[in-house]
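1. sequence and computational prediction follow.
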Amino acid sequence: MTRVLLFGLVWLAGMVPSITNAQEWAEKMFGAREHDFGSVARGADTEYRFEITNIYKQDMHVVGVRSSCGCTSPSLANAAGETVGELTLKTYEKGYVVAKFNTRTHLGMKGATLTVTFGSPYIAEVQVRVHGNIRSDVVFTPGAIEFGEVDQGLAHEQRVNVAYAGRSNWEIIDVTNDNDMFEVELNQVERVGGRVSYNLLVRLRPETPAGYIKDQLTVVTNDDRPENQRIPLYVSGHVRPEFSVTPAQLVLGEMAPGAEVTKKIVVRGREPFKILDVNCGDDCFAFKTDSQSRTVHFVEVTFKAGEGPATLSTPITIVTDRGENRGPKFVANATVLAEKPEATPGPAAEDDAEPAARTAAAH
């Protein structure tokens, strides 16, 4: 019995480092493990994404996440931001643990611990934490600036009402942002006793580049307590591109020095447009277009290889009549091979020629 007990203790002792190492392994996949939401308005759409990166050779599996408090709803999201039930991350792939602060159903200082569970090849749990102050005296309606799906090249705007109940001299003194693509207008619409109301308009400028928007404004107030003076207002949306190029990566392949190749690309727009010019800053390229106004254009791209060896990845911009900086871009890739040396006769060829000459003279 003593030997069996001793064997069991030794076996358990050998298992402890494995469990500890698995825990540390999982923790190293997180960029941050704590977030402070600060002071947020009631009804505000408030969330934070903890980034997970697989830095290992094996596929890693995140099988679930749970919260210690109903003030925070957890979920998992893939690299594209789509909510998923589980995550399988290959080497260098990213995923997210999403913590959503429930500002409509909870008030005051709140905090939660989110427990992230990993499956095979190692079983581990990692804890991340969020906390913040959900104010009862400031309400955002709606809870965020949601542009949704919008077209590039057009101005878009959304409004949020900011309501306050409390001090009679409370006011918003500024709305700050670090994004030049946002234009903000603030108008006070009511001030009766301790009730104050503002309309906040956020305009998305036409020059906003295509892609997803995930940003925030900061509403700055004259609250007595410094920690309550800055309230985040989140902004999201997706700007659909005005133009598209097929293929976006033009592969010209391997070429000998001096060789020439011509390929076509297709340029599409939402409305008819003219192509005024094609810029790439490389004399090796030539382009053939037409001067018509249409929604679909075919552009011939001719490349003449220079000296090799060289690998080229050239960004190319199509200039249109839709306005400054309103044109699609694509990339042309080519590999120029090294020039082959000319063949020269070797000693063996000279040796063979001499006996042949002597034989001819003998006859």
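-> That came through fine.

2. low pLDDT regions in this structure?
-> Low-confidence segments of the chain (pLDDT under 70): 1-22, 341-363.

3. scan it for its longest strand.
-> strand 124-141 (DSSP state E).

4. which secondary structure elements does that one contact?
-> Counting contacts by 3 or more CB pairs under 8 Å, 6 or more residues apart in numbering; DSSP states H and E, strand 124-141 is packed against helix 2-27, strand 34-42, strand 46-53, strand 94-101, strand 108-118, strand 156-165, strand 230-240. Quick note: C-beta positions are derived from backbone N, CA and C, even for glycine.

5. nearest to residue 138, out of the ones you listed?
-> strand 34-42 (4.3 Å; CB to CB).

6. need the helices and strands packed on strand 124-141 in CSV (columns: mean neighbour count and distance to residue 134).
-> Below are the helices and strands packed on strand 124-141 laid out as CSV (neighbours: other CB atoms under 10 Å; distance: least, CB to CB, whole Å):
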stretch, mean neighbour count, distance to residue 134
helix 2-27, 11, 29
strand 34-42, 18, 6
strand 46-53, 20, 8
strand 94-101, 20, 7
strand 108-118, 18, 6
strand 156-165, 17, 15
strand 230-240, 18, 11
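
7. re earlier: quick one: buried residues of the longest strand of the chain?
-> 124, 126, 128-135, 137-140 (16 or more other CB atoms under 10 Å).

8. rewinding a little: nearest to residue 214, of the helices and strands packed on strand 124-141?
-> So among these, strand 230-240 is nearest, using CB to CB, at 5.7 Å.

9. so what are the sheet partners of the closest one and their directions?
-> For strand 230-240, the paired strands and their directions (DSSP bridges) are strand 145-151 (parallel), strand 211-221 (antiparallel).

10. give me the contacts around the first one.
-> Read it as strand 145-151. Applying CB atoms under 8 Å, 6 or more residues apart in numbering, the contact partners of strand 145-151 are 45, 156, 158, 160, 202, 204, 213, 217, 233-240, 242, 270.

11. so residue 229 versus residue 259, what's the distance?
-> Distance, residue 229 to residue 259, using CB to CB, to the nearest Å: 66 Å.

12. I misspoke; the intended subject was residue 83.
-> According to CB to CB, residue 83 stands 50 Å off from residue 259.

13. do residue 99 as well
-> Taking CB to CB, one finds residue 99 at 56 Å from residue 259.

14. repeat for residue 294
-> On the measure of CB to CB, residue 294 and residue 259 end up 32 Å apart.

15. next: residue 158.
-> Residue 158 sits 53 Å away from residue 259, going by CB to CB.

16. so which of the helices and strands packed on strand 124-141 comes closest to residue 182?
-> Here strand 230-240 is closest among the helices and strands packed on strand 124-141 (CB to CB), at 7.0 Å.
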